[in-house]
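Chemist: one predicted model, sequence on top.
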Amino acid sequence: MRYPLIISNWKANGSKTMIIDFIHKLQNNLNNNYACNIIIAPPIIYLDVIKQYLINKDIILGAQNVDIHISGSFTGEISANMLKDMGVLYTIIGHYERRIHHKENNEDIIKKFDILKKNHITPILCIGENKEEKIQNKTKTVCIQQINNIINTLGIEILKNSVIAYEPIWAIGSTSSANPNEVQTLHNFIRSYIAQQNIEIAETIHLLYGGSVNTNNAYELLRQKDIDGLLIGKASLDPKNLSEIIKITQKTKTRN
Ligand code: 13P
């Protein structure tokens with residue numbers, strides 16, 4: 001069984017004061033039996049502040065982005081070996097918000113995937129369709145194209161132990177998540193597609209869901225067999241919500 005992942009993507013939110021309060025409350029709210037890995041991906045400048053207050057060794061550090069270069073004259077960028085140096089084990093790439101606001105393209109995402117793997121950081125590859133593509137029934141095609149973007153350049157083996165997060169663009173920061181049964185069908189389709197190329201690798205991949213996850217819809221999502229965890233934005237900024245979702249994960253996934 002794949003050990004579930006609960007990932008908190010803070011996006012451009014947080015402050016030193018918020019972090020002290022957040023980490024304190026989160027650690028107080030959790031018991032010792034999570035049945036999942038908890039990954040916090042704050043704005044990179046706050047990684048060290050989080051580390052200072054982390055007592056709980058089961059909370060893992062993540063990042064929201066990485067540069068395509070390893071070092072050199074690239075003002076403003078953070079490289080994979082710097083992330084590794086700071087103890088980051090997971091990094092989000094291909095997020096819709098980076099594609100749209102920072103003009104990241106498929107080529108950038110391939111390079112980021114590759115450089116993370118070379119530095120032993122697990123990529124969290126975001127995929128997903130927009131509203132129009134959903135209406136036109138193109139969800140599967142769009143998602144497979146985004147995965148093939150990686151496979152066709154880097155080979156199927158690169159996907160071993162990776163994380164793919166299905167985040168339909170229309171569900172990000174909206175009022176409702178995708179339908180859990182539809183997500184299950186899609187995830188099953190994606191895993192089968194990868195299994196056709198390499199069955200062992202398909203079993204190692206974590207398929208997460210992201211997009212308006214909250215304490216009300218987490219249970220229905222997590223009880224789906226092929227949803228191996230959640231990538232959460234807004235709701236995870238509140239430590240009470242995040243610990244509640246972790247507890248739901250505990251209940252749901254240990255029962256499977
Ligand atoms: P929300 O949970 O705020 O919809 O954000 C989802 C997301 O983009 C996580 O990466």
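Modeler: Perfect, I can see it now. Here the structure is a predicted model, which means the values were calculated and not measured.
Chemist: so who does Ala235 touch?
Modeler: For Ala235, the contact set (C-beta atoms under 8 Å, 6 or more residues apart in numbering) comprises 213-215, 241-242, 245. Placement of C-beta: from N, CA and C, glycine included.
Chemist: host element of Ile38?
Modeler: strand 37-41 (DSSP states H and E).
Chemist: so for that strand, mean pLDDT?
Modeler: Throughout strand 37-41, pLDDT has a mean value of 96.
Chemist: strand partners (parallel or antiparallel) of it?
Modeler: strand 5-9 (parallel), strand 59-63 (parallel) (DSSP bridges).
Chemist: tell me how far it is from the chain's mean position?
Modeler: 9 Å (C-alpha atoms, centre = their mean, to the nearest Å).
Chemist: using PDB, write down the CA coordinates of that strand.
Modeler: Below are the C-alpha coordinates for strand 37-41, written out as PDB (Å, rounded to 0.1, in the frame of the first residue of the first chain):
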ATOM      1  CA  ASN A  37       3.300  11.800   5.600                       C
ATOM      2  CA  ILE A  38       2.700  15.500   6.200                       C
ATOM      3  CA  ILE A  39       4.500  17.900   3.900                       C
ATOM      4  CA  ILE A  40       4.600  21.700   4.400                       C
ATOM      5  CA  ALA A  41       5.600  23.800   1.400                       C
END
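Chemist: mind listing what's buried along the helix or strand just after it?
Modeler: Of the helices and strands lying after strand 37-41 in sequence (DSSP H and E), the nearest is helix 47-53. By neighbour count with 16 or more other C-beta atoms under 10 Å, helix 47-53 contains the buried residues 47, 49-50.
Chemist: ok, now stretch 81-94?
Modeler: In stretch 81-94, counting by 16+ other C-beta under 10 Å, buried: 82-83, 88, 90-94.
Chemist: ok, now which ones touch Pro4?
Modeler: 35-37, 222, 228-229, 249, 253.
Chemist: ok, and what's touching stretch 236-254?
Modeler: With C-beta under 8 Å, 6+ apart, stretch 236-254 has contacts from 4, 6, 8-10, 13-14, 21-23, 25-26, 29-30, 33-36, 38, 213-215, 218-219, 222-223, 229-230, 232, 235.
Chemist: now which of the residues you listed would you call buried?
Modeler: Buried among these by 16+ other C-beta under 10 Å: 4, 6, 8-10, 14, 22-23, 26, 30, 34-36, 38, 213-215, 218, 222-223, 229-230, 232, 235.
Chemist: restricted to strands, list these.
Modeler: 6, 8-9, 38, 229-230, 232 (DSSP state E).
Chemist: which members of those residues additionally contact the ligand?
Modeler: Restricting these to those near the ligand by C-beta under 6 Å from any ligand atom leaves 9, 232.
Chemist: between the ones in strands among the buried ones among the contacts of stretch 236-254, which sits nearest the ligand?
Modeler: Asn9 (3.8 Å; C-beta to the nearest ligand atom).
Chemist: enumerate every residue touching the closest one.
Modeler: Applying C-beta under 8 Å, 6+ apart, we find Asn9 in contact with 41, 62, 64, 92, 95, 210, 231-233, 236.
Chemist: can I get stretch 141-154 as PDB, trimmed to CA atoms?
Modeler: This file holds the C-alpha atoms of stretch 141-154, laid out as PDB (Å, rounded to 0.1, in the frame of the first residue of the first chain):
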ATOM      1  CA  THR A 141      -6.400  13.500 -23.000                       C
ATOM      2  CA  VAL A 142      -5.000  16.700 -21.300                       C
ATOM      3  CA  CYS A 143      -3.700  14.800 -18.300                       C
ATOM      4  CA  ILE A 144      -2.000  12.100 -20.300                       C
ATOM      5  CA  GLN A 145      -0.400  14.700 -22.500                       C
ATOM      6  CA  GLN A 146       1.000  16.400 -19.500                       C
ATOM      7  CA  ILE A 147       2.400  13.100 -18.200                       C
ATOM      8  CA  ASN A 148       3.700  12.100 -21.600                       C
ATOM      9  CA  ASN A 149       5.500  15.400 -21.700                       C
ATOM     10  CA  ILE A 150       7.800  13.900 -19.000                       C
ATOM     11  CA  ILE A 151       7.900  10.300 -20.200                       C
ATOM     12  CA  ASN A 152       8.700  11.100 -23.800                       C
ATOM     13  CA  THR A 153      11.800  13.100 -22.900                       C
ATOM     14  CA  LEU A 154      13.000  11.500 -19.700                       C
END
